[in-house]
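Engineer: How does the following fold in three dimensions:
(one chain, ligands or ions: 1)
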Amino acid sequence: MALRSMRKARGCWSFIRALHEGPKTVPAPQKDAVHRVFSGIQPTGVPHLGNYLGAIESWVRLQDQHDSVLYSIVDLHSITVPQDPAALQQSILDMTAALLACGINPEKSILFQQSQVKTAQQKQEGTAGLLMYPVLQAADILLYKSTYVPVGEDQVQHMELVQDLARGFNKKYGEFFPVPTSILTPMKKVKSLRDPSAKMSKSDPNKMATISITDSPEEIVKKFRKAVTDFTSEVTYDPVGRPGVSNMLAIHAAVTGLTVEEVVRRSVGIDTAHYKLLVAEAVIEKLAPIKRELEKLKQNKDYLEKVLQAGSAKAKELAYPVCQEVKKLVGFL
Ligand SMILES: Nc1ncnc2c1ncn2[C@@H]1O[C@H](COP(=O)(O)OC(=O)[C@@H](N)Cc2c[nH]c3ccccc23)[C@@H](O)[C@H]1O
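Structural biologist: Sure thing, here's the model as predicted:
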């Protein structure tokens, strides 16, 4: 079974090469009218608040709004830095549990592991060039003829490359790939708590900069208490002049579902030191049910593996005809 699927996956990379080769003009096949949502996340084990507010929360909403939705745990992207195999395997399962705990529903979305759709070809033809990060990301998206890609702001540049590649292919081979659109949320860039000019990031060496969705209430309070603000004690929203306080207001609004104006209005008369604790409390409250669900899911390794296996099989079914069509268009079949 695995072998058959692996053979099916063979050739998925060919079209990337074909973008730069091949004939100038060919008859245009019908453009796919299906709307398809696709996004990906690295298997970092546990998402941070930036991943959650910038991407995952919108993924959960989108699975109710669209019929065809795929979310990929992008393990191939994670090997751009050294990874311990056993730890990587565990991080993939942990991320699966975290996404499910955040509300990704495998009945509504195809949740799958990137390498399970691409490994066979990678072994045979993979080169450093083909695995270059943004190109791999383009392959992820185009392989399913995706139309919408919900991401944070840091992915916009990658998305521009994906759009260029889709247009380039269509110009050479006729309208084939939909040009995918990024979907950004108001929380497209959650800032570091230690340096509000930088994004919140898993790889930040300063652990006080990033809230993980599994942080304890004590850790969350400590991180917000130490968050960098400024010397004005009033709570006002001014992302340029007061990025630290404004980041907290934006987080506060996002986790309570209120507007920024409303959280500012409710904070009149409160100083920033006290306000930090209110934001921490709101974040703790938002994350509590996710943490409870995550604890349960992590006990059930079999279930997590089954979700990923079923998701990867469904993703292959969608990818295979696209690969075949691409091969035909470029003249391999
Ligand atoms: N501080 C932040 N504020 C707001 N949003 C943020 C913040 N930090 C992270 N994000 C968003 O979280 C998602 C996953 O992040 P990754 O770094 O794993 O995301 C990445 O490393 C991608 N290259 C994974 C990928 C591979 N193939 C894809 C195809 C489509 C979309 C995404 C992918 C992303 O949407 C990211 O923008």
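
Engineer: right, is stretch 244-258 up against the ligand?
Structural biologist: No - figure legend: stretch 244-258 not in contact with the ligand (C-beta under 6 Å from any ligand atom); closest approach 9.9 Å. Any C-beta I mention is one placed from the backbone N, CA and C, and that applies to glycine too.

Engineer: Which positions in that stretch come out as buried?
Structural biologist: Within stretch 244-258, the residues scored as buried using 16 or more other C-beta atoms under 10 Å are 244-256.

Engineer: Same question for stretch 89-101.
Structural biologist: Buried residues in stretch 89-101, counted by 16+ other C-beta under 10 Å: 91-101.

Engineer: again with stretch 54-68
Structural biologist: Neighbour-count burial for stretch 54-68, counted by 16+ other C-beta under 10 Å, picks out 54-60, 62-63, 66, 68.

Engineer: out of the buried residues of stretch 244-258, which are inside helices?
Structural biologist: Taking DSSP state H as the definition of helices, the buried residues of stretch 244-258 contribute 244-256.

Engineer: wait, which of the buried residues of stretch 244-258 is closest to Leu142?
Structural biologist: Distance to Leu142 across these (C-beta to C-beta) is lowest for Ala254, with 30.7 Å.

Engineer: which residues does the closest residue to Tyr52 other than its chain neighbours contact?
Structural biologist: In space, Tyr52 comes closest to Ile213 once its chain neighbours are excluded; the distance is 5.7 Å by C-beta to C-beta, 6 or more residues apart in numbering. With contact taken as C-beta atoms under 8 Å, 6 or more residues apart in numbering, Ile213 is in contact with 46-49, 52, 98, 102, 287, 290-291, 294.

Engineer: when you check those residues against the strands, which ones overlap?
Structural biologist: Using DSSP state E, no member of those sits in strands.

Engineer: Which one of the residues you listed sits in the busiest neighbourhood?
Structural biologist: Among the contacts of Ile213, the one with the most neighbours (other C-beta atoms under 10 Å) is Ala98, at 29 neighbours.

Engineer: Show me where this structure dips below the pLDDT cut-off.
Structural biologist: 1-33, 119-131 (pLDDT under 70).

Engineer: mind listing the helices for it?
Structural biologist: 2-9, 14-18, 49-51, 57-65, 75-78, 85-102, 115-125, 133-142, 156-173, 217-225, 243-256, 260-266, 272-298, 301-330.

Engineer: The longest one close to the ligand?
Structural biologist: No - Helix 301-330 stays out of contact with the ligand when judged by C-beta under 6 Å from any ligand atom, the minimum separation being 12.5 Å.

Engineer: wait, which of the buried residues of stretch 54-68 is closest to the ligand?
Structural biologist: The ligand lies nearest to Gly54 out of the buried residues of stretch 54-68, by C-beta to the nearest ligand atom, at 2.1 Å.

Engineer: The closest one reaches Pro186, doesn't it?
Structural biologist: No - judged on C-beta atoms under 8 Å, Gly54 makes no contact with Pro186 at a distance of 9.6 Å.

Engineer: what residues does this structure put near the ligand?
Structural biologist: Contact residues, the chain versus the ligand (C-beta under 6 Å from any ligand atom): 38-42, 50-51, 54-55, 74, 77, 137, 140-141, 149, 151-152, 154-155, 187-190, 199-200.

Engineer: mind listing which of the residues you listed are in strands?
Structural biologist: 38-41, 149.

Engineer: got a markdown table for the helices of the chain, with distance to Ala209 too?
Structural biologist: Output for these, formatted as a markdown table (distance: least, C-beta to C-beta, whole Å):
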| stretch | distance to Ala209 |
| --- | --- |
| helix 2-9 | 39 |
| helix 14-18 | 35 |
| helix 49-51 | 10 |
| helix 57-65 | 20 |
| helix 75-78 | 21 |
| helix 85-102 | 20 |
| helix 115-125 | 30 |
| helix 133-142 | 23 |
| helix 156-173 | 22 |
| helix 217-225 | 8 |
| helix 243-256 | 11 |
| helix 260-266 | 22 |
| helix 272-298 | 15 |
| helix 301-330 | 29 |
